[in-house]
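> Generate coordinates for the sequence data below:
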Amino acid sequence: MTATPPNERAVQPRKAFVPTPHPLLPIPTLEEMESFLGDEKSLSELMGKLLEREKLIELSEANPYRWGFELDHWRDADALLAKVLLLIVFGGNRAGKSEYAAKRFVHNLMKYEDAVLMCLHESEETSIATQQKLIWKFLPPEIKALNGRSNPVFKIKYSQAGGFTEGKLVLPNRSELYFVSYKQDPGSFEGWELGAKQEPIVGAWADENMPLPWLKMLFFRLASRAGKVLWTYAPVRGLTTTIKEIVGNAARTIKSRPAELLADRQNLPGLPIGHMPYIQEPFMRDARVIYFHSDLNPFGKHYAQIKKLCAGQPSEFAEKRAYGFARDTGWRAFPLFGAWNVIRREHLPAVGTNFQFLDPAGARNWATFWVRVTPGDNPSYYIYRDWPDAQRHGEWAVPSTLPNKLDGDPGPAQNTLGYGVVTYRKLFRSEEAFTPICRDGVCVNEKDPHRLRMAGASKLQAPSSKLQEVICGRYIDSRAASNPHITEKGGTCIADDFATPARDPKTGAIIDEPMVFLSASGEKATEGLTAIDELLFWDPTRPLCAIINAPRFYVCEDCKQVVWAMQNWTGRDGEKGAGKDFVDLVRYMALARLRHQEPGVMKTRGGGSY
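Coordinates of the predicted model:
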């Protein structure tokens with residue numbers, strides 16, 4: 001066969017170079033590329049940059065653990081995680097919340113020896129399809145190369161169909177990762193220690209609908225190693241019981257973002273027009289919430305699809321699907337109670353009149369709170385202390401695990417301490433007393449502006465003597481007050497016992513002064529709820545503005561029992577509702593039509609009766 005001369009061989013056309021599209025590595029524009037066409041050196045420089053870009057894209061896909069691109073809101077989430085015990089990542093559809101969590105978990109597995117971590121999901125099947133698949137994706141190539149090898153230390157056996165064998169992954173550095181489902185018994189993990197020995201890290205990643213018993217179990221299992229919980233959730237089905245317990249309706253928005261799909265409306269009270277929450281401080285201490293909005297994820301064409309999905313739908317559909325936000329509207333008795341009603345102690349009014357409300361009970365502690373009423377014809381009410389408080393006694397009510405119980409189960413704070421009238425009288429006076437420590441005329445151990453004002457007026461320097469709050473009036477549930485069976489010594493009634501001084505049995509001298517309680521209003525419960533609604537009322541469609549458009553009822557954030565009752569109580573459990581006691585106290589307060597009284601001026605006011 002005769003060879004074809006070189007000059008006659010068919011010339012194979014070169015394949016045109018087409019840069020790979022990438023949302024974070026934009027291709028140079030035509031004008032930018034034309035600027036390199038002047039000489040061969042410049043053209044070579046342009047080609048080098050384009051090839052370097054291609055290499056970065058190739059590396060990010062082959063080894064996302066080391067070369068993967070990270071987004072700005074991931075760094076915001078990292079900053080929050082460094083400060084708190086629990087971070088909840090609410091996400092719109094395809095917002096990248098699970099990718100974030102998986103990469104951070106692989107980082108902890110690789111960095112810390114002997115770490116013990118846990119991934120939790122609703123079922124084994126969903127765990128394999130989501131969490132396990134993403135964990136495998138972010139494992140570096142040298143770890144993936146060990147897949148299926150037998151070794152006495154590590155255990156790495158993964159398949160796309162079956163996930164990690166036995167739901168367990170052990171790396172050569174002896175760090176362990178367990179995949180569990182909420183269908184298992186959380187009590188079976190008693191004695192586990194999650195996290196790393198070296199420093200506090202995220203020891204548990206919970207995805208989607210985590211039941212409250214599992215969250216409580218995780219806190220116990222993470223405590224010994226100061227571990228943290230990362231919880232990712234897409235609230236397309238609304239708020240769960242656990243989310244409501246942590247975030248509630250009283251979450252304070254720290255930072256918001258423009259929401260393109262809800263641009264021309266007041267989406268939440270207190271936020272700029274067209275904004276949705278981005279970072280929130282929830283009701284639970286040592287926790288934060290961050291919302292991964294769908295438009296924050298530039299990869300793929302997900303956001304464009306979500307925009308089409310939300311077109312023509314109600315606003316709440318877009319809130320859930322695009323911004324990961326769900327409203328708590330189910331059966332709440334006080335839908336206008338929210339974050340705007342919960343204030344910090346330093347924001348309590350300095351001027352006002354203090355009152356106390358008490359609801360005695362035989363088989364549990366007696367619920368009580370103190371409220372401050374501001375001057376003016378339409379005064380505002382500020383509950384500034386409750387007892388038994390959650391900080392020292394635990395919750396008064398907790399979410400019920402039974403679907404037909406809407407107002408919760410009794411919490412540890414209801415367990416009676418066995419106090420009688422005399423003991424309660426001493427307790428109340430102790431709560432109302434404080435010892436200011438003043439330096440250079442400034443009280444340094446108190447945040448309440450009312451008490452600061454008292455300390456300033458006393459002109460005392462440290463160490464100072466005790467000061468006592470002035471309580472203008474005390475009110476008690478009239479039915480319980482007249483019950484002779486729950487008094488300390490079988491007296492006529494509780495109100496009379498409070499009004500009777502305690503005397504020394506030998507000398508007859510008064511050793512504890514009397515305390516006068518008036519009967520709280522006996523009007524029907526429905527009228528009391530209407531009175532509460534009047535104090536809560538304002539127009540959420542207009543900007544929140546003091547005096548012009550604002551509620552008249554506020555609760556100090558320390559008063560967790562009152563806040564929980566106001567944001568969870570439905571009234572559908574009747575007299576058996578665990579959160580009813582503090583709602584009753586609020587009802588008595590609203591019906592009392594309290595007014596501020598200037599010092600030295602006494603006004604007679606009826607207390608109501610049955």
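> Tell me the helices and strands packed up against the lowest-mean-pLDDT helix or strand in the chain.
Ranked by mean pLDDT, DSSP states H and E, the weakest helix or strand in the chain is helix 478-481, scoring a mean of 74. On a contact count with 3 or more C-beta pairs under 8 Å, 6 or more residues apart in numbering; DSSP states H and E, helix 478-481 meets helix 494-499. In this view, the C-beta of every residue, glycine as well, is placed from N, C-alpha and C.
> Show me what the helix or strand following the helix it packs on is packed against.
Remark: after helix 494-499, the chain's next helix or strand is strand 502-503, criterion DSSP states H and E. Counting contacts by 3+ C-beta pairs under 8 Å, 6+ apart, strand 502-503 is packed against strand 510-512.
> Could you list the paired strands of the helix or strand that comes right after the strand it packs on along with their orientation?
Toward the C-terminal end, the helix or strand that comes next after strand 510-512 (DSSP H and E) is strand 518-519. When pairing is defined by DSSP bridges, strand 518-519 lines up against strand 471-476 (parallel).
> could I get the partner strand in PDB with only the CA atoms?
C-alpha atoms of strand 471-476 as PDB (Å, rounded to 0.1, in the frame of the first residue of the first chain):
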ATOM      1  CA  ILE A 471     -46.100  47.200  95.100                       C
ATOM      2  CA  CYS A 472     -49.300  49.300  94.800                       C
ATOM      3  CA  GLY A 473     -51.700  46.500  94.600                       C
ATOM      4  CA  ARG A 474     -51.800  42.700  94.800                       C
ATOM      5  CA  TYR A 475     -54.600  40.600  93.200                       C
ATOM      6  CA  ILE A 476     -55.500  36.900  93.800                       C
END
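> How far off centre is that strand?
Relative to its chain's centre, strand 471-476 lies at 34 Å (C-alpha atoms, centre = their mean, to the nearest Å).
> what do you get for stretch 101-118?
Distance, centroid of stretch 101-118 to centroid of chain: 25 Å (C-alpha atoms, centre = their mean).
> just stretch 321-330 next, same as before
Distance, stretch centre to chain centre, for stretch 321-330: 14 Å (C-alpha atoms, centre = their mean).
> Over to stretch 165-176?
Distance, centroid of stretch 165-176 to centroid of chain: 32 Å (C-alpha atoms, centre = their mean).
> Buried ones in it, by neighbour count?
For stretch 165-176, the neighbour count (16 or more other C-beta atoms under 10 Å) marks Gly167, Leu169, Val170, Leu171, Ser175, Glu176 as buried.
> what's the first-to-last distance across that stretch?
13 Å (C-alpha to C-alpha, to the nearest Å).
> before we move on, the earlier item: sitting in strands, which of the buried residues of stretch 165-176 do you find?
Among those, the residues falling in strands (DSSP state E) are Leu169, Val170, Glu176.
> got TSV for those, with pLDDT and distance to Lys524 too?
TSV is the format used below for these (pLDDT from 0 to 100; distance: C-beta to C-beta, whole Å):
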residue	pLDDT	distance to Lys524
Leu169	97	61
Val170	98	64
Glu176	97	60
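> got a list of what the closest residue to Asn568 other than its chain neighbours touches?
Spatial nearest neighbour of Asn568, excluding adjacent residues (C-beta to C-beta, 6 or more residues apart in numbering): Gly579 at 5.8 Å. Going by C-beta atoms under 8 Å, 6 or more residues apart in numbering, Gly579 touches Trp396, Ala397, Asp407, Gly408, Trp564, Ala565, Asn568, Trp569.
> Phe283 now?
For Phe283, the contact set (C-beta under 8 Å, 6+ apart) comprises Ile246, Val247, Gly248, Ala250, Ala251, Val342, Lys560, Val563, Trp564, Gln567.
> So the fourth one: helix, strand or coil?
When classified by DSSP: H, G, I helix; E, B strand; the rest coil, Ala250 comes out as coil.
> thought it was touching Asn568?
No: look at Ala250 against Asn568 with C-beta atoms under 8 Å: they stay out of range, at 10.4 Å.
> The two: which is more packed in?
Neighbour comparison, Ala250 and Asn568: the larger count goes to Asn568, with 28 against 22 (by other C-beta atoms under 10 Å).
> circling back: distance to Lys506 for the ones in strands among the buried residues of stretch 165-176 - can I get that in JSON lines?
JSON lines is the format used below for these (distance: C-beta to C-beta, whole Å):
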{"residue": "Leu169", "distance to Lys506": "74"}
{"residue": "Val170", "distance to Lys506": "73"}
{"residue": "Glu176", "distance to Lys506": "68"}
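> just those now: which is nearest Lys49?
Taking C-beta to C-beta as the measure, Leu169 is the one of these closest to Lys49, at 39.2 Å.
> Next, count neighbours for the closest residue to Leu56 other than its chain neighbours.
Nearest residue to Leu56 in three dimensions, chain neighbours excluded: Leu25, at 6.6 Å (C-beta to C-beta, 6+ apart). Other residues lying near Leu25 total 15 when counted by other C-beta under 10 Å.
> Which residues are in contact with Leu25?
Contacts of Leu25 (C-beta under 8 Å, 6+ apart): Arg53, Leu56, Ile57.
> Now go through these and say which are in helices.
Among the contacts of Leu25, the members falling in helices (DSSP state H) are Arg53, Leu56, Ile57.
> Just the buried ones from those, in ChimeraX syntax?
To isolate the buried ones among the ones in helices among the contacts of Leu25 in ChimeraX, judged by 16+ other C-beta under 10 Å, type:
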select :53,56,57
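> would you turn the ones in helices among the contacts of Leu25 into a markdown table with pLDDT and distance to Glu575?
Putting the ones in helices among the contacts of Leu25 into a markdown table (pLDDT from 0 to 100; distance: C-beta to C-beta, whole Å) gives the following:
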| residue | pLDDT | distance to Glu575 |
| --- | --- | --- |
| Arg53 | 91 | 70 |
| Leu56 | 94 | 67 |
| Ile57 | 94 | 65 |
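> With distance to Glu431 as added columns, please give the ones in helices among the contacts of Leu25 in CSV.
Formatted as CSV, the ones in helices among the contacts of Leu25 follow (distance: C-beta to C-beta, whole Å):
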residue, distance to Glu431
Arg53, 67
Leu56, 63
Ile57, 64
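> mind giving me the domain split of this structure?
With domains defined by automatic domain parsing, the chain comprises 22-30+48-68, 72-323, 339-433+467-591.
> Where does the prediction get shaky in the protein?
By pLDDT under 70, the low-scoring segments of the chain are 1-14, 329-330, 403, 459-464, 481-492, 600-610.
> And for Asp41, the neighbour number?
In this structure residue 41 is Lys, not Asp. Using other C-beta under 10 Å, Lys41 is surrounded by 9 other residues.
> Please determine how far it is located from Met33.
Per C-beta to C-beta, to the nearest Å, Lys41 is found 15 Å from Met33.
> Kindly report the same for Pro335.
For Pro335, the distance to Met33 equals 58 Å [C-beta to C-beta].
> and if you look at Tyr588?
Computed as C-beta to C-beta, the Tyr588 to Met33 distance reads 76 Å.
> neighbour count winner among these two?
A count of neighbours by other C-beta under 10 Å puts Tyr588 above the other of Tyr588 and Met33, at 25 against 14.
> isn't that one right next to Tyr475, touching?
Yes: contact between Tyr588 and Tyr475 holds when scored by C-beta under 8 Å: they sit 5.8 Å apart.
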